[in-house]
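Undergrad: requesting a structural model of the entry that follows:
(2 chains)
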Amino acid sequence: MTSSDRAVLTRDGLDALIATLAADGYRVYGPTVRDGAIVYDDIAGVADLPAGWTDEQDAGSYRLKRRDDDALFGYVVGPHSWKKYLHPPRRRLWRAAKTEEALTFTAEPEPAERFAFIGVRSCEIAAMAIQDKVFAVGDYADPQYRARRDGAFVVAVNCGEAGGTCFCVSMKTGPHVMSGFDLSLTEIERGDLPVYLIEAGSDAGRDLLARLPCRPVEANDITAADAAVAHAAAQMGRTLETDGIRDLLVNNPDHPRWDEVAARCLTCGNCTMVCPTCFCTTTEDSSDLDGGGAERTQRWDSCFTLDFSYIHGGSVRSSSKARYRQWMTHKLATWWDQFDTSGCVGCGRCITWCPVGIDITEEARAIRSDLTRETKP
Amino acid sequence: MATRRKPKLAVWKFASCDGCQLSLLDCEDELLAIAGAVEIAYFAEATSAFVKGPYDLSLVEGSITTAHDAERIRNVRAKSKALVTIGACATAGGVQALRNFADVEAFTSVVYAHPEYISTLGTSTPIAAHVPVDFELRGCPIDKGQLIEVLSAFLAGRKPVTPAHSVCLDCKLKGNVCVTVAHGTPCIGPVTHAGCGAICPSYDRGCYGCFGPMETPNAAALSRELARHGMSRDQIHRVYRTFNTAAEPFREEAERHGS
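TA: Residues are numbered from 1 along each chain as shown, chains lettered A, B, ... in the order given. Now for the predicted structure:
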């Protein structure tokens, strides 16, 4: 890494970064406070970021709290993930029009807008890489997804602290951002207001960094940044033992724990909606009252609905036990068979946003510990 | 292209508040398109001009609460090719199904000066308990977008898109912040059928269950959570005793928390 790859930005410099991205034609999204949570939305500058806020998270619980400093990134991940931009909840696939002469179909054009994401966490970059394996490669790559993804400018942020439901260290997805970004930020304390160690991870990032007002890096900036990330890594709210987890889950479809979790599970689908890697969709057709037009829309679906596994004659996974088991086993085990990676990045959203606080790490641990006990002499 | 005869639409009222059939008149922007697509043959709330049956599509609002209505719905069924029930009264018995758990004579004696003139059944029951129903549209009241969807689907001969999943899914599709997880507000969205567009949580309130039970509700698990968020046994009893009180999963859960 050369000196041109790294610099230190003040808060004004960060504001310049956002303004420059907007001037370059990007639609800039970032974290902001809304309805008692930190969500992702349009941001116009540093003033829209959650200055002085943090979040306290546990199973089924999320609370915004005031920090005793003015940190801009002093929280972890909220209910939204970047998939809402790259893989939108609803999108039209095509429209059809019928006239006396002809029936015409019009495919939805590829999006022209380019996105810049500010404050992308390491686990979220890992989630994007996982969705890339689903949507961006192979014979059935989705051109809409690819256009959004290829056009995106990623400004990552290293976590300075971990949340109560975080377990990226277990999933080897964080907290230190290693790749998949254009620029990365580490918030470090310097005097009254924090400053930002900024590093370029791509040519586009390097070009942009060269246009920002910044100062050279000093040795203690690096020390402080490393300490911040080490602090987060040591603070994980949850852990998940991943050794042999594929076989553990695949070989235990009849473990009694599945019945216990099914008694708690609401099959509401919240876990799949907040998961940054869950990618399933359904299609919905609509038609005009006069029969002249029709369209097909894709929308996020969940393996917790009956429709999801409906084939002729009924739903394959009619019990909530079958549905929870399918979700967790796919996420942690059979995802490996399908995509050569885990489907879980350890962001903890499914734990926090489950209305009854079902904890995927606890469920995996329960199955494992039971078996460990059984196999002891 | 030969002009096809416009399908004849009838709108019927049983025990109800009229809110659901008014949703049809509330389709302001689409009303002309609807009138262009169907012949509104019987719709007492809109016009006193009646066209004789049979009808291609009957929309039925309201529940069955009298012996007379129990007979009348059979007649409506007999002259309707397709019969779609609209709203919580028609699909679950409505709020008036609270009578199912009480003594109706005790009510009439208190409410009416001359209870002897009141001829009513001891129960309020959904239309499907009396005649075969082709499609049920949930809600108290129904969502007008869903009503247009049902009409469009009927006209196109396709299945209406009215998913039976939880309100949570619709909240998440909208990007709502969960009122339970983030604010501690009790909400029965996880056990409630989607369709309203998650109106209440979008305005920072818990879901009231107007669309009745979702496809696979786990009300017992949700009740434990409602209690954790401070609801008393009686409050939990009452949260299920509303517009869809006689829908089986809600009836059962209210009963489990009966006083």
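Undergrad: tell me the contacts of A:Glu108?
TA: A:Arg91, A:Arg92, A:Leu93, A:Trp94, A:Arg95, A:Gln144 (C-beta atoms under 8 Å, 6 or more residues apart in numbering or on different chains). Where you see a C-beta, it was placed from the backbone N, CA and C, and this is true even at glycine.
Undergrad: if we use 7 Å, what do you get?
TA: Counting by C-beta atoms under 7 Å, 6 or more residues apart in numbering or on different chains, A:Glu108 touches A:Arg91, A:Arg92, A:Leu93, A:Trp94.
Undergrad: bridging residues for the second one?
TA: Yep, that's A:Arg92 we're talking about. A:Thr297 (DSSP bridges).
Undergrad: re earlier: would CSV of the contacts of A:Glu108 with pLDDT and neighbour count be doable?
TA: Shown next, in CSV, are the contacts of A:Glu108 (pLDDT from 0 to 100; neighbours: other C-beta atoms under 10 Å in any protein chain shown):
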residue, pLDDT, neighbour count
A:Arg91, 96, 14
A:Arg92, 97, 13
A:Leu93, 96, 15
A:Trp94, 97, 12
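Undergrad: and which of these is nearest to chain B?
TA: Comparing the contacts of A:Glu108 against chain B with C-beta to the nearest C-beta places A:Arg91 closest, at 11.5 Å.
Undergrad: which residues touch that closest one?
TA: By C-beta under 7 Å, 6+ apart, the contact set of A:Arg91 is A:Glu108, A:Thr297, A:Gln298.
Undergrad: run a quick neighbour tally on residue 100.
TA: I'll assume chain A. Close neighbours of A:Glu100, defined as other C-beta atoms under 10 Å in any protein chain shown, add up to 5.
Undergrad: that's the wrong chain, I wanted chain B
TA: Here the number of neighbours of B:Asn100 (other C-beta under 10 Å) works out to 16.
Undergrad: so the residue positioned nearest the centre of chain A: helix, strand or coil?
TA: Central residue of chain A (C-alpha atoms, centre = their mean): A:Pro276, 3.4 Å from the mean position. With DSSP: H, G, I helix; E, B strand; the rest coil as the basis, A:Pro276 sits in coil.
Undergrad: any idea how chain A splits into domains?
TA: Chain A breaks down into these domains under automatic domain parsing: A:3-233, A:245-375.
Undergrad: output the ones you listed as TSV; include the columns distance to B:Ser16.
TA: Listed next are the domains of chain A as TSV, based on distance: least, C-beta to C-beta, whole Å:
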stretch	distance to B:Ser16
domain A:3-233	32
domain A:245-375	25
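Undergrad: per-residue confidence for the residue in the stretch 151-259 of chain B that chain A sits nearest to?
TA: Per C-beta to the nearest C-beta, B:Lys172 is where the stretch 151-259 of chain B lies closest to chain A, at 3.4 Å. pLDDT, B:Lys172: 98.
Undergrad: that one belongs to a helix, doesn't it?
TA: Yes. Counting by three-state DSSP, B:Lys172 is part of a helix.
Undergrad: pretty sure it is touching A:Thr272, no?
TA: No. B:Lys172 lies out of contact with A:Thr272 (C-beta atoms under 7 Å); the separation is 8.7 Å.
Undergrad: and A:Phe308, how close does it get to B:Gln96?
TA: According to C-beta to C-beta, to the nearest Å, A:Phe308 stands 35 Å off from B:Gln96.
Undergrad: got the contact list for whatever residue of the stretch 151-300 of chain A ends up closest to chain B?
TA: The nearest approach of the stretch 151-300 of chain A to chain B comes at A:Met273, 3.4 Å away (C-beta to the nearest C-beta). For A:Met273, the contacting residues are A:Trp300, A:Ser302, B:Leu169, B:Lys172, by C-beta under 7 Å, 6+ apart.
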